[in-house]
Structures are given as structure tokens and as C-alpha cells.
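Peer 1: Have a look at this prediction, sequence included:
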Amino acid sequence: RVQQQLLAVRLQAHIGHRQNGRGAVSTTTLRQRWTVLHRLLALWADAGVPLSTPDALSEAHLAVLHRHWSARPDQNAATVRNQAQLLAQLCGWLARPDLIPLARAAGPPPTAGENAPRPPCPLSDDAIAERIDRIRAADPRVALHLELVRVIGLTHRQAARLQPAASYRDGVLEVFWETPKEQVLRFRIAGERPQAVVHTALALLPAPEQAVCPAEQSLPHWLRHVYRLLREVGKIGVPGEPTLAALKDPEAPTPVVLPRETWLLERAGLTVPGRR
């Protein structure tokens, strides 16, 4: 507890702000950052190298995390990568920039797909936001639908049938409509923009039975409405303008695919066969 208090005092001026300096992070992001940092403190204490003071951060602490992450290949790579990223930020906050490369290297290596250069986005963030705002003024649900596709990575049919209040829990969005047979897609919502989209969805559609596609509309009718506003109001996907796919957010999470039976057992609080 003393370690946590000392660290909290030292990080007070840093942890609540975005890395790019563009304002404060959301309350959810701040809470997640503290959760990860408390987990790191616990791992160091268990390994016999507690962070006694904020100035004591050393290569030994990074080596502990590298061994821990390497010894558990079953861990979600994206989760570990996020923890390693926060560890690198911690090194900067504690005036140890020399440890930042080691912190980044402690996490899992990028996959082949992550190594491939991403084509530059044809529009700036502000330009994308301006187009989405125009669509939002015409129909907030359509804007939400498009952001679920662009920022979260859902298909149009998944976005239309999503019931946000029934699908989101504890930082995870579970998609069970319009998925491959007997599968559920689990998206961990960790980035700031994905979190903002989910929070907007919950504010707009707070009841569990509410889907993005209004109940009084058929799915084909809704999708035609979405595509029309996308093209006519947002000027996206028309000749000479970028497609929605070209505007995909680089923070879009990669889903974990679960067998539907496993997902149902987990939802019911029952033991999954083969696990303790």
C-alpha cells in the first residue's frame, strides 16, 4: 500500500494525460492504467524485487515482467502488448527514458501483419470527425453504426444488430449476431477511441434490448439508409473520396474467437470443459 501511495504521488501529473499531450484521458482509461500498474507492483513484489520507491525502477524489474510474459504463451498478446506499452510510459514518467526500449522489448514481438507498413490514412482525424459529425446531425444511430465499423472493426451487419448494453461488460464487447456459425467474437475495448465509441453507444442505447438498427426497421432497409447517409452526407465511398475501409482506425481491436458453447458456459458462470 505504501508503494502504491508513493507511486500515485509521483505519477499524479502524468498518468491522467494522453501520451501525445492532447488533453486528459477518459475516466475508464485512467482506471485501466492504475489497474495495470497495481498488477505490475504485485508481480514485482511476488518475484522478490518490490518497487520500494518510484526511483528504484531498474532493469531487474523489466526482466521480471519479460520472464512472466514469456512463461505464459496463453496470455492474450494484445493485452500483454498494452501492459508493455504502459510500462514504457512508466519509465518515462519516472525519468528513466533509458529503460523505455527494454520495456517495449519485454512484451510479445509484433506479428507479421503488424510488421507490415500500414497505408497512410487519406484523411486527418479532424477531417474524419467532421464528416462523422455531419452524419450524426442527420441520424445519431447511423453515425454510431459507422463508428462501430470503422473504429471497433465490426461488419455492417454486426454493427446493425449490436445491442450495446447487452453486449458490453467489464471492458469487453461480445458480438454474437452475424458471426461465423457457433462462434462469438470478443473485442477487448482498450484504446481511447474504441472506448469513446462504446460509451457513446451505451448513452444512446441504454436498454439491453435496444439494437443499433431500430426495431421498426428491417435490416436491409436500415443498411440502405446507412449507405445513403454515408455517401450523400459524409461524402465517403463516392468517386474521388476515400472508402470507409480506408478510414479504419489503427486502434481497432482484434477479436478473440470463442466457441458459442464456451461463451454460454462462461456467461452462466459454469466451468468450461478441460479447464479448472
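Peer 2: Thanks, I have the structure now. Numbers count the residues shown, from 1 in each chain.
Peer 1: Report the contact partners of Val49.
Peer 2: For Val49, the contact set (C-beta atoms under 8 Å, 6 or more residues apart in numbering) comprises 60-61, 64. Heads up, the C-betas are built off the backbone N, CA and C, glycines and all.
Peer 1: Which among those residues count as buried?
Peer 2: 61, 64 (16 or more other C-beta atoms under 10 Å).
Peer 1: Let's have the contacts of Val49 in JSON lines, adding distance to Ala159, secondary structure and pLDDT.
Peer 2: Putting the contacts of Val49 into JSON lines (distance: C-beta to C-beta, whole Å; DSSP: H, G, I helix; E, B strand; the rest coil; pLDDT from 0 to 100) gives the following:
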{"residue": "Ala60", "distance to Ala159": "46", "secondary structure": "helix", "pLDDT": "88"}
{"residue": "His61", "distance to Ala159": "42", "secondary structure": "helix", "pLDDT": "89"}
{"residue": "Val64", "distance to Ala159": "41", "secondary structure": "helix", "pLDDT": "88"}
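Peer 1: what helix or strand does the residue nearest to Gln217 when sequence neighbours are not counted sit in?
Peer 2: For Gln217, ignoring the flanking residues on the chain, the nearest one in space by C-beta to C-beta, 6 or more residues apart in numbering is His225 at 7.5 Å. Using DSSP states H and E, His225 sits in helix 219-232.
Peer 1: Can you name the element that comes right after the longest strand that the chain contains?
Peer 2: For the chain, the longest strand by residue count, based on DSSP state E, is strand 183-188. Per DSSP H and E, the first helix or strand lying C-terminal to strand 183-188 is helix 192-204.
Peer 1: quick one: terminal-to-terminal distance for stretch 202-216?
Peer 2: 20 Å (C-alpha to C-alpha, to the nearest Å).
Peer 1: If you could redo that for stretch 239-256, that was the one I meant.
Peer 2: End-to-end for stretch 239-256, by C-alpha to C-alpha: 35 Å.
Peer 1: And that stretch, what's buried?
Peer 2: 242, 244, 247, 249, 252-253, 255.
Peer 1: Would you format these as TSV with pLDDT and distance to Arg96 included?
Peer 2: Converted to TSV, these look like this (pLDDT from 0 to 100; distance: C-beta to C-beta, whole Å):
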residue	pLDDT	distance to Arg96
Pro242	90	41
Leu244	91	42
Leu247	92	37
Asp249	89	31
Ala252	86	31
Pro253	87	29
Pro255	85	35
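Peer 1: Pipe these into CSV and attach distance to Glu130 per row.
Peer 2: Shown next, in CSV, are those (distance: C-beta to C-beta, whole Å):
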residue, distance to Glu130
Pro242, 13
Leu244, 15
Leu247, 12
Asp249, 16
Ala252, 20
Pro253, 25
Pro255, 29
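Peer 1: So, low pLDDT: which residues of this structure?
Peer 2: In the predicted model of the chain, residues 1-3, 19-23, 72-75, 108-120, 269-276 satisfy pLDDT under 70.
Peer 1: What ranges does the stretch 1-150 of the chain have for its helices?
Peer 2: Ranges of helices in the stretch 1-150 of the chain, per DSSP state H, counting those that start in this stretch, are 2-11, 27-46, 59-70, 77-93, 100-106, 112-115, 125-138, 140-147.
Peer 1: Point out the most buried one among these.
Peer 2: Ranked by mean neighbour count, the helices of the stretch 1-150 of the chain are led by helix 140-147 with a mean of 23 (mean count of other C-beta atoms under 10 Å).
Peer 1: Now do it against helix 192-204, angle only.
Peer 2: Orientation of helix 140-147 against helix 192-204 (axes from the mean of the first three to the mean of the last three C-alpha atoms, to 10 degrees) gives an angle of 150 degrees.
Peer 1: hmm, who's touching helix 140-147?
Peer 2: For helix 140-147, contacts defined as C-beta under 8 Å, 6+ apart pick out 132-133, 135-136, 156, 159-160, 197, 200-201, 204-205, 212-214, 225-226, 229-230, 234, 244.
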